[in-house]
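Student: I'd like to go over a predicted model; first the sequence, then the structure.
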Amino acid sequence: MDLRIDRRSVERCRDLAGAIVAPVEAFIAAHSTVSVERAVLRLLGVDGITPQEVPLPNAILDAVPPHERARGVALPFAKALAETGLEPAALGTEIALGRCALEEYASTPEAAARGALARFVDRALGRIAARRDERAAWLADFPQLPPPLLYVIVASGNIYEDRVAAVAAAQAGAQVIAVIRSTGQSLLDFVPFGPTTEGFGGTYATQANFAIMRAALDEASEKLGRYVMLTNYASGLCMPEIAVMAAFERLDMLLNDSMYGILFRDINMKRTFVDQHFSRMLNAYAGIIINTGEDNYLTTADAVEQAPAVLASQFINEEFAHRAGLPDDQIGLGDAYEIDPDREDGFLYQVAQAQLAREIFPDAPLKYMPPTKHMTGDIFKGHLIDAMFNLTSVMTGQNIHLCGMPTEAIHTPFLGDRALSLENARYIMSTARHFGDEIALRPGGIIERRAHDVLASCEALLERVAAMGLMAAIEAALFADVSRAPEGGRGFDGVFERAANYWNPFEERRLGPGRPG
Amino acid sequence: MDLRIDRRSVERCRDLAGAIVAPVEAFIAAHSTVSVERAVLRLLGVDGITPQEVPLPNAILDAVPPHERARGVALPFAKALAETGLEPAALGTEIALGRCALEEYASTPEAAARGALARFVDRALGRIAARRDERAAWLADFPQLPPPLLYVIVASGNIYEDRVAAVAAAQAGAQVIAVIRSTGQSLLDFVPFGPTTEGFGGTYATQANFAIMRAALDEASEKLGRYVMLTNYASGLCMPEIAVMAAFERLDMLLNDSMYGILFRDINMKRTFVDQHFSRMLNAYAGIIINTGEDNYLTTADAVEQAPAVLASQFINEEFAHRAGLPDDQIGLGDAYEIDPDREDGFLYQVAQAQLAREIFPDAPLKYMPPTKHMTGDIFKGHLIDAMFNLTSVMTGQNIHLCGMPTEAIHTPFLGDRALSLENARYIMSTARHFGDEIALRPGGIIERRAHDVLASCEALLERVAAMGLMAAIEAALFADVSRAPEGGRGFDGVFERAANYWNPFEERRLGPGRPG
Amino acid sequence: MTKLVGPFGDTRDDGKVQLSFTLPVDWSEAADEAARQLAGKMGFRDVQVVEGRPIASGFSFFVIYATSAQAVDVDGIVAPSAGAHAMSMEQIDALVHERVGRKIRVAGACIGTDAHTVGIDAILNMKGYKGDYGLERYHEFETHNLGSQVAVEELVRFTKERRIDALLASQAVTQKGSDIRNFTALSELLEAENVRDNVVLICGGPRVTNLLAGELGYDAGFGRGTLPSQVAAFIAVTLAERLRQGRPHW
Amino acid sequence: MTKLVGPFGDTRDDGKVQLSFTLPVDWSEAADEAARQLAGKMGFRDVQVVEGRPIASGFSFFVIYATSAQAVDVDGIVAPSAGAHAMSMEQIDALVHERVGRKIRVAGACIGTDAHTVGIDAILNMKGYKGDYGLERYHEFETHNLGSQVAVEELVRFTKERRIDALLASQAVTQKGSDIRNFTALSELLEAENVRDNVVLICGGPRVTNLLAGELGYDAGFGRGTLPSQVAAFIAVTLAERLRQGRPHW
Ligand code: B12
Ligand code: B12
Ligand SMILES: Cc1ncc(COP(=O)(O)O)c(C=O)c1O
Ligand SMILES: Cc1ncc(COP(=O)(O)O)c(C=O)c1O
């Protein structure tokens, strides 16, 4: 299949994305957020909660005098380390319990502080690198089945039930397991602690839950002879912290979009831009594949109309990702099968869109989301729509394939739903395994024309965004029909300007795509 | 789509089919059967049953002295008509009740007899022509939706329940309704009489049942604004009689294969060959589209292996049909989607086979049968296999599309099953309506190679059949792995050689494809 | 006159039903038999386990066809649809103009932590749903869409402040009864604040029925496929009627 | 030790079941409610009619999710599989050679008006099923496949004439209980003719279970997915055992 797209237009789009992202990157470089700072603490080994159940990173950051915050939390914390000689974890506890106050060490020389911190920074980087090496070893010993990688969600609200469901799904053919988060978590400005058994529409993302699930999947991987990946959500107000936890617990992918929280969770855009950068830097280093959320445009607005915005967002997400150091093979750009099933030739449009992304981002592990919006309580029809989605995916060589559930409109998946869904994908992708290789698209046909139109409209849209600036474009509702103000939304109070001598020891070490030397 | 098949090979196959059928046609021309003779009586207007519930055509034929039978039933019957001056229906009753003996009129001059019969022959032909005109008028006023024509079966065993089911199916999108027959009917050497309410796995084909269903569908057609077709089975021991009933009651299609009964019902081959010829002659005149039964090869033997036999049978069926006067647009050659769903790339093979038939028989209203053999109690998986079948059908431009039921392996369809099945077909055929137009097949690819192989193997098979003769080939199990002896099977005793002066007034009028002059 | 109806397979009163479920057992012939007995315990007869297979270690999936002897009296069922008033936007505006004499103040939100705004937006936004304009487009409605994740306290405060006539709450997430809990919290708080009678209280969402709404103390409930004009008509007719009856209002 | 298990949705003992059925009523909200009440009468709780729609005039189709409180004691269920003997063709032939000492005479047919021979052919024909050879291939079986649509009288006549050791009857059509009727007719005729004890009597078909076979007076029943070697092993072991016990035979 070849859409014969205009390669110059693609180049132009990439250039425009560069122009759009550059000013935002300047903003990012000049700012930090509470969550970035808490992530630094977590990286250093701070974890746990106070007797009032406040997570230690929050308690510590709250203890940093406001004027100090602009220089980053690392420095005051390092000073205390240098003075007390405690391990970061122990120091965290002391501070949180009020037995130690950061102000006391204000006068400690910076050099001493930096010196004291260095080995903990090394330790953190080493810990993440070890996880990365482990993953590489797993993949070498227990290779996955060829893509599309079948991906399913578990979402009972209880991590122990989720564990049962995840292992069952792996046995039924799943290659990636996502633990969906509880409805409200993304709006919490802290990360819950410990194993959890109560959630709505999902299970809380906590480091303990990550570890429980990773252990269960490692055991399953060994039995199945193929590595089963684990993923979660670095989104919401704690994006960077989740990235740290994921890196520590060897998650393999993270939902980690540069604009999703802004548009779909009403999180402040400045907060999101800064947070996504730091979390992506971490993901790059940890070898975690990010998944972006363009699919969400299609659930709130018309899928046929939004196609150019999806593509534009993919270019922007790619650009942000590159700037954070992510290589192409860690950038799982998103798309979804959301065109009205009752639209004549809708399948042709879907093929056009999926193939377009494939040709424009040849090295990206594309993430393909299933039909959700047009799913109804008719599980029989739903199963068919999912089948056409599965067919499109295998035809166009998508990589990360979220399996659609026949019960999408009804409840978070039952164990049996997941089995049916995986069977659907396995059947379609086997019976039509090489169909994509067998066919050429008619020049000037519906599919080709549609792809060309989408690309041209995307270029026009990017022109507009570049002209007005990304933040203004979002305010003008150019994406997903949703308007957000630059200083509106949740979490804006957690964004602050960096002082001239701001210090972030991890940024300094330029966490990048390369393996640690 | 174009398979770039070897057109010379296709021509060679047609020539071989001609060579294979010619000797069988010579046999046919020299023989008649009890069912052909009973069909002649039915055409003349004989109907009803004796007090012992023997259908009048059977009772009358049984009353013809054996030595007279070889000249055909028309002559003795016509003699009696000439002498008694009765209408055929009344005469039939008299004979059946034993109040009139055909022998009595043996000495009536033939010319008088022929003269007396002529107007009833005209009446029969007129009656059928009127049905044909009616159909044409319906189709002009209430055009059908474009093909594939969605076709479903009703099979409750009770004609009144079937009627409810048929109307419901029509409302749900069905364009053709088939009333499946009760398990044993094809082995009965008579046609049951009157409306029936008791059958197993199907409902008896009787003229009354035909009329009941036709009336219900006419009413539905009017309401829906599109003509809904009705079909039944001209197969088994009463093929020609069913064809008469169907012509009288304006059925639009008939399952009417030249070899199905032989292979799958163990009906004598000579009986079948003679019967199919007369019934097809009638169908040609009545404007009834025949459906052939190649799909059955695939349910008893491996679908991948049987592909060449399917194609060979299509060539043979076409040749038999042409010889009976059927034009291409009334020859619904059969095929089916029966490859093991778990076979990798099975879909590609199905596309190859369906497209091959499309290219070789461009003017035939191809009949495409759904997956049946590999359907299991897993209605969810079954629904998906049906979806891929639906996709193949719309991609390759099949005409008469039998909708697969998710409950195929379980029971004859429930009303709700039919609704799901029609929704499946409607959805897939709409969402991928023009997909077939959009794609070209890769030269030398899996699909093309498969099609070329099947054609080549078909040619080789036809060579073998031509060399040994069709009857011997059937005995050698060259079709569907089933072996039948030329004088074996049911109904052989009903085949007889025609006397030199055999007379069949309908054959004489050369019932042919042309509209009555 | 009662008209008892039961499930219909291919013949009236055959009672045929399809079931599927998972059992937490490894598959075996005994598991098929367990599924058969279980369906028997559920009260079904002629139970046919047409599919039984392992879907994971410790879990099996079953598809069953069976006969149920149960039937209901359909004519005896009263499920008054809240969307029964079939009126166009123009007719509704005219009715409000004539019988209410002022703009109706409407507020809607997705309450609790629910962020599924597409449904409530479909009812409120200008654009509407399936070609049917949303309430913002009506001349005689003053519409406030408070968006997603709105706490019930916030919504009640707004209601009192703006003297809202019709209050619309939406819930899509139903896991562990969170929708019921949020809807109940809203109606209880309105009662507690003594403003329940001042508003036409409406809930909606894919799992909402008008009957459920009644049980929860709402004036109406709207489920899947609702069109904005159905909601607008209900509000207009209900409010006009209340005013005619001289019932208390803001 | 009893181990009670019930349906499993996403949490142990949540009892979640999926149902679908058609009701012979026009669709309306009241029809949805009728479906809900009907499922309630069937004994389900938390009934959610997730889909209800007209499928024809006078007919509506429903999809329901609901909770069942029923559970079964899986460990208490005895469903002995007739196909439990796992032996290869060679092992079976050796067992017959050693313990029966002569070829076993087998006859099989599709009885009544049933013409579905694929199943019985899969067991008997040389070729076999899913790579497992059929009985004709076994050295120690003398196999007669009488084909389709065989009247039970004809089959019993043949059995007596050839002194058949193992008789195999197949049925695929089950509509209106025709399978049960035909199987019963066969076993009754064998009794009436006093030869029932002379044969290992086996039935099979997609809806047959070993339990059902027992109820019908058969020695074993084989359902979907049966392999020829399972049947061969059952015949060999059963016959050898009968001979050892000195039970009457031809
Ligand atoms: C789109 C969508 C999203 C979008 C929402 C975007 C947005 N701005 O709304 C995003 C991607 C953000 C999302 C997120 C989540 N979702 Co969501 N989502 C859906 C989806 C696919 C479609 C919902 C939809 O838009 N339907 C279309 C509208 C038009 O239909 P409707 O809501 O029924 O509305 C109509 C009527 O009900 C009625 N109506 C609705 N409300 C009201 C109110 C009034 C007053 C009236 C009169 C009428 C009315 O009128 C409307 C028009 O007819 C559904 C699955 C599905 N197919 O239904 C899942 C679904 C609702 N989501 C679900 C879940 C679990 C989540 C998450 C919790 C997942 C997670 N952990 O990340 C999050 C949590 C978000 C949160 N905090 O609530 C579950 C809920 C399970 C359950 N039953 O509890 C569903 C069913 C999917 C599933 N099977 O798991 N989701
Ligand atoms: C192939 C087929 C046909 C072929 C049969 C060709 C042939 N020579 O056998 C043809 C096209 C001729 C046909 C015709 C009809 N069929 Co048919 N057919 C099927 C189909 C698609 C597959 C059956 C099959 O071959 N399965 C494969 C074999 C290997 O599986 P199996 O039979 O289960 O056998 C295995 C086990 O059960 C077991 N086994 C079976 N028998 C025995 C016996 C013994 C002793 C043992 C130990 C084991 C054993 O071992 C086998 C291997 O594992 C089924 C639907 C389906 N998918 O099941 C419908 C089906 C069986 N047919 C059906 C019907 C109604 C008919 C017709 C009546 C339709 C009609 N009116 O024209 C006719 C009547 C024929 C007749 N007189 O019986 C219905 C039966 C409905 C019901 N439950 O009552 C079905 C279920 C389709 C449907 N949903 O309507 N059919
Ligand atoms: C990119 C992205 N991030 C995150 C989420 C999850 O939502 P939340 O951030 O509310 O957990 C989604 C949901 O679909 C998503 O697409
Ligand atoms: C060509 C053909 N004729 C007839 C039938 C029906 O069978 P019977 O002749 O037993 O009614 C079929 C069944 O599928 C068929 O394919």
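Tutor: Great, that's in hand. Predicted, not measured: the structure shown is a model, and the values here were computed from it. Ligands and ions are numbered 1, 2, ... in the order given.
Student: Now the closest residue to ligand 2 within the stretch 301-450 of chain A: closest residue in space, sequence neighbours ignored.
Tutor: Here the stretch 301-450 of chain A gets closest to ligand 2 at one residue, A:Tyr427, 16.4 Å apart by CB to the nearest ligand atom. (Each C-beta comes from the backbone N, C-alpha and C, glycine too.) Nearest residue to A:Tyr427 in three dimensions, chain neighbours excluded: B:Leu384, at 5.8 Å (CB to CB, 6 or more residues apart in numbering or on different chains).
Student: Just the CA trace of the longest strand along chain C, in PDB.
Tutor: The residue-count maximum for a strand in chain C (DSSP state E) belongs to strand C:45-56. Provided in PDB are the C-alpha atoms of strand C:45-56 (Å, rounded to 0.1, in the frame of the first residue of the first chain):
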ATOM      1  CA  ARG C  45     -35.000 -25.500  31.300                       C
ATOM      2  CA  ASP C  46     -33.600 -27.400  28.300                       C
ATOM      3  CA  VAL C  47     -30.200 -25.900  29.000                       C
ATOM      4  CA  GLN C  48     -27.800 -26.400  26.200                       C
ATOM      5  CA  VAL C  49     -24.200 -25.500  26.800                       C
ATOM      6  CA  VAL C  50     -23.300 -24.800  23.200                       C
ATOM      7  CA  GLU C  51     -19.900 -23.500  24.000                       C
ATOM      8  CA  GLY C  52     -17.600 -24.000  26.900                       C
ATOM      9  CA  ARG C  53     -13.900 -23.400  26.800                       C
ATOM     10  CA  PRO C  54     -10.900 -22.300  28.800                       C
ATOM     11  CA  ILE C  55     -10.100 -18.600  28.500                       C
ATOM     12  CA  ALA C  56      -7.300 -18.600  31.100                       C
END
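Student: in it, what's buried?
Tutor: Residues of strand C:45-56 classed as buried: C:Val47, C:Gln48, C:Val49, C:Val50, C:Glu51, C:Gly52, C:Arg53, C:Pro54, C:Ile55, C:Ala56 (neighbour count, 16 or more other CB atoms under 10 Å in any protein chain shown).
Student: any idea which of those is closest to ligand 4?
Tutor: For the buried residues of strand C:45-56, the nearest to ligand 4 is C:Val50 (21.8 Å; CB to the nearest ligand atom).
Student: Please report how far that closest one lies from D:Leu23.
Tutor: 21 Å (CB to CB, to the nearest Å).
Student: Doesn't the residue of the stretch 301-450 of chain A closest to ligand 2 lie inside a helix?
Tutor: Yes - secondary structure of A:Tyr427 (DSSP: H, G, I helix; E, B strand; the rest coil): part of a helix.
Student: Report the contact partners of it.
Tutor: B:Pro341, B:Asp342, B:Lys381, B:Leu384, B:Ile385 (CB atoms under 8 Å, 6 or more residues apart in numbering or on different chains).
Student: Now do the SS call for the fourth one.
Tutor: Assigned state for B:Leu384: helix (three-state reduction, three-state DSSP).
Student: That one - how many residues pack around it?
Tutor: 25 (other CB atoms under 10 Å in any protein chain shown).
Student: And C:Tyr65, by the same measure?
Tutor: Around C:Tyr65 there are 23 residues (other CB under 10 Å).
Student: Beyond the helix or strand hosting A:Leu420, next helix or strand please.
Tutor: A:Leu420 belongs to helix A:415-431 when assigned by DSSP states H and E. Downstream of helix A:415-431, the first helix or strand assigned by DSSP H and E is helix A:435-438.
Student: So is that next one next to chain B?
Tutor: Yes - shown here: helix A:435-438 in contact with chain B (CB under 8 Å from any CB of the partner chain) through A:Phe435, A:Asp437, A:Glu438.
Student: Just give me the neighbour total for the second one.
Tutor: Okay, so that is A:Asp437. When neighbours are counted by other CB under 10 Å, A:Asp437 comes out with 14.
Student: follow-up on the earlier one: so which two of the contacts of A:Tyr427 are the farthest from each other?
Tutor: B:Asp342 and B:Leu384 (12.1 Å; CB to CB).
Student: which stretches of the chain have low pLDDT?
Tutor: Unless you meant another one, I'm taking chain A. A:511-517 (pLDDT under 70).
Student: hmm, I had chain C in mind actually
Tutor: C:1-2.
Student: Which parts of it are strands?
Tutor: Going by DSSP E, chain C shows strands at C:4-5, C:16-23, C:45-56, C:59-67, C:72-73, C:104-110, C:141-145, C:166-170, C:200-204, C:220-222.
Student: of all those, which lies closest to C:Gln245?
Tutor: Across the strands of chain C, closest to C:Gln245 is strand C:200-204 (CB to CB), at 13.4 Å.
Student: quick one: the closest one to strand C:104-110, angle?
Tutor: 30 degrees (axes from the mean of the first three to the mean of the last three CA atoms, to 10 degrees).
Student: Show me what strand C:200-204 is packed against.
Tutor: helix C:118-124, strand C:166-170, helix C:178-192, strand C:220-222, helix C:228-244 (3 or more CB pairs under 8 Å, 6 or more residues apart in numbering or on different chains; DSSP states H and E).
Student: make it 10 Å
Tutor: Secondary-structure packing of strand C:200-204 (3 or more CB pairs under 10 Å, 6 or more residues apart in numbering or on different chains; DSSP states H and E): strand C:104-110, helix C:118-124, strand C:166-170, helix C:178-192, helix C:210-215, strand C:220-222, helix C:228-244.
Student: Looking at the ones you listed, which is nearest to chain D?
Tutor: helix C:210-215 (6.4 Å; CB to the nearest CB).
Student: anything in that closest one near chain A?
Tutor: No - residues of helix C:210-215 contacting chain A under CB under 10 Å from any CB of the partner chain: none, with a closest distance of 15.6 Å.
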